[in-house]
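# I'd like to go over a predicted model; first the sequence, then the structure.
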Amino acid sequence: MNALHSHNLKRRSLATFAGATCSVLCVCCLSGCSTPAFNDEYGVRGEFNSSNGVNAVSVFAQMAENAGCDVRSARRLSPKLFQNVDCVVWFPDRLAPPKQATRLWLERWLGEGSNRTLIYVGRDYDAEPSYWANVLPGAPKEQKPPILARIEKAKKTRSEARISYFAALNRRAKELAKNNSGTTSKEKASNKTESDANEEVKTSKESKSRRANDWGFEFILADDWDDEPWFTYKNKPAEKIRELQGDSKWLDRMNASECDIELTARMTPIGATPLISSKGDVILANQSLNGGRLFLVANGSFLLNAQLVNRENRKLADKLVKEIAASGAPNATTKKVLFLESDEFDPRVIRPEDENNEGDLFRIMLTWPLNVLFFHIGLVGFIYCLGRWPIFGLPKDEASGAPSDFGKHVVALSELLRRDGDASFAMQEYLSYKQQQEDERPQ
């Protein structure tokens, strides 16, 4: 292949790559020109997800960092977390209490360290309606109908979730009542055969041995319902809180009439002592559990990003941050705090043998914004491959000149002189060549 053919191939490759790059840049620019979607993701801090949403908890997490805590996020319950965390803060994205598997794991985690703290924040609140209600008065007239539609949609979504939960709760209560209404416990005991009794003993022993497993509860206990929950819910109409009662330590310098707290479904703790309440409805409760501390927060109406704009809400959140900073061993210089993120399902419980096979790198590549970045890198590479390697049509060999052609030397020398850009030197070389030709001509 001669120099001209190689030069043409090089030009074609560069043109193809330039075209592919321009195409991808156009795709990226056009995709970025659209109006960004409203971020309503709930309970995320921002290590794996966008953290600037009204329902996120990045501001509350930053308050913990400002208090000297080492804050990070996770979406699973693993052995490493079991050993290396002093406080867990969990904003679940579902109304129902934790599953039994999750509860058992967290209770055992509380008992395995010194003064560990678990903060559980109930889900039955959404900051989006309140946010849009505050935006509405200053919005242009033509934008008010869409804003009102957003408010109604957000309220309807939470209402449907609440109705669905309490409907399922009622169905379970009826099933339990039906199962227990047929025969009394004494009659059931008298009707048991010896084989039944032996089977129950065997099952009980297996259950206890399995529950003694450090982390694998989710593989044994698959039922969504927990017979020993930390709390239950009562279905009541939504109410804005304007008065607070409780421990003076928590209510010190609080102006309850100025706070922005709302209660819908009422959390009723089982075994916990109310610290803050309003007209008998619990807002914050605490109990000692397995040597640690469990804080139950009714909902996130004073902890989510949008709600921490309110000064009185920040005062209450700051008192909770002080409890976070007091977690762990007293002599520890830095308290390690984990914000546990989850969707409508509980976080996955990871067994020790599975921890090293989780594909952390692949999981991180699928999270925002790295997923978008790697998608466009892959797209650029794919288009480049399409333009660089396929050969369209039959290959054709161009005729090559003789290797001893002196004309190529002249062309190459001319090209070098042109690139040098020194016209006087080129003219001097040309005149020297002409003089040499004159001298060599016979007389």
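Thanks, I have the structure now.
# ok, which stretches of the stretch 251-400 of the chain are strands?
261-263, 266-269, 273-278, 281-289, 292-297, 336-340, 348-349 (DSSP state E, counting those that start in this stretch).
# ok and the third one relative to strand 292-297, angle-wise?
What that stands for is strand 273-278. 20 degrees (axes from the mean of the first three to the mean of the last three C-alpha atoms, to 10 degrees).
# Could you name the helices and strands sitting against strand 273-278?
Under the contact definition 3 or more C-beta pairs under 8 Å, 6 or more residues apart in numbering; DSSP states H and E, strand 273-278 sits against strand 245-246, helix 248-251, strand 281-289. (C-beta placed from N, C-alpha, C; glycine too.)
# before we move on, back to that, could I get the strands of the stretch 251-400 of the chain as TSV with mean neighbour count, mean pLDDT and distance to Thr102?
Shown next, in TSV, are those (neighbours: other C-beta atoms under 10 Å; pLDDT from 0 to 100; distance: least, C-beta to C-beta, whole Å):
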stretch	mean neighbour count	mean pLDDT	distance to Thr102
strand 261-263	22	92	24
strand 266-269	20	92	17
strand 273-278	19	94	23
strand 281-289	20	94	14
strand 292-297	22	95	13
strand 336-340	22	93	10
strand 348-349	18	84	7
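# need these in a markdown table with distance to Val54, can you?
Output for the strands of the stretch 251-400 of the chain, formatted as a markdown table (distance: least, C-beta to C-beta, whole Å):
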| stretch | distance to Val54 |
| --- | --- |
| strand 261-263 | 14 |
| strand 266-269 | 22 |
| strand 273-278 | 23 |
| strand 281-289 | 20 |
| strand 292-297 | 18 |
| strand 336-340 | 17 |
| strand 348-349 | 27 |
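# still on that earlier bit, can I get the helices and strands packed on strand 273-278 in CSV including distance to Ala154?
Shown next, in CSV, are the helices and strands packed on strand 273-278 (distance: least, C-beta to C-beta, whole Å):
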stretch, distance to Ala154
strand 245-246, 30
helix 248-251, 30
strand 281-289, 22
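# Quick check: which of those is nearest to Lys156?
Nearest of these to Lys156, taken as C-beta to C-beta: strand 281-289 at 23.6 Å.
# Could you give the separation of the closest one from the chain centroid?
On the basis of C-alpha atoms, centre = their mean, to the nearest Å, strand 281-289 sits 27 Å off its chain's mean C-alpha point.
# before we move on, what about stretch 285-299?
In terms of C-alpha atoms, centre = their mean, the centre of stretch 285-299 is set 25 Å apart from its chain centre.
# Asn179: which of the strands of the stretch 251-400 of the chain is closest?
With C-beta to C-beta as the measure, strand 266-269 is the member of those nearest Asn179 (23.9 Å).
# What strands flank the closest one, and is each parallel or antiparallel?
According to DSSP bridges, strand 266-269 forms sheet pairs with strand 231-234 (antiparallel).
# Now the partner strand: buried residues?
By neighbour count on 16 or more other C-beta atoms under 10 Å, the buried set for strand 231-234 is 231, 233.
# what does stretch 69-77 give?
Buried-residue list, stretch 69-77, by 16+ other C-beta under 10 Å: 69, 71, 73-77.
# start to end distance for it?
End-to-end distance for stretch 69-77: 20 Å, by C-alpha to C-alpha, to the nearest Å.
# avg pLDDT for that stretch?
For stretch 69-77, mean pLDDT is 89.
# Repeat that for stretch 324-333.
Average pLDDT, stretch 324-333: 85.
# Make 8 the starting number, not 1.
Shifting the count to begin at 8 puts that one at stretch 331-340.
# Now do the buried residues in that stretch.
Buried positions in stretch 331-340, judged by neighbour count with 16+ other C-beta under 10 Å: 331-332, 334-335.
# repeat for stretch 426-440
Neighbour-count burial for stretch 426-440, counted by 16+ other C-beta under 10 Å, picks out Ala433.
# what does stretch 316-324 give?
Buried residues in stretch 316-324, defined by neighbour count with 16+ other C-beta under 10 Å: 317, 319-324.
# Can you add distance to Glu447 and pLDDT and give those back as TSV?
Below are the buried residues of stretch 316-324 laid out as TSV (distance: C-beta to C-beta, whole Å; pLDDT from 0 to 100):
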residue	distance to Glu447	pLDDT
Asn317	99	93
Glu319	104	94
Asn320	100	93
Arg321	97	94
Lys322	102	94
Leu323	103	94
Ala324	98	95
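# Can you list which of those residues are found in helices?
Judged by DSSP state H, those include 319-324 as members of helices.
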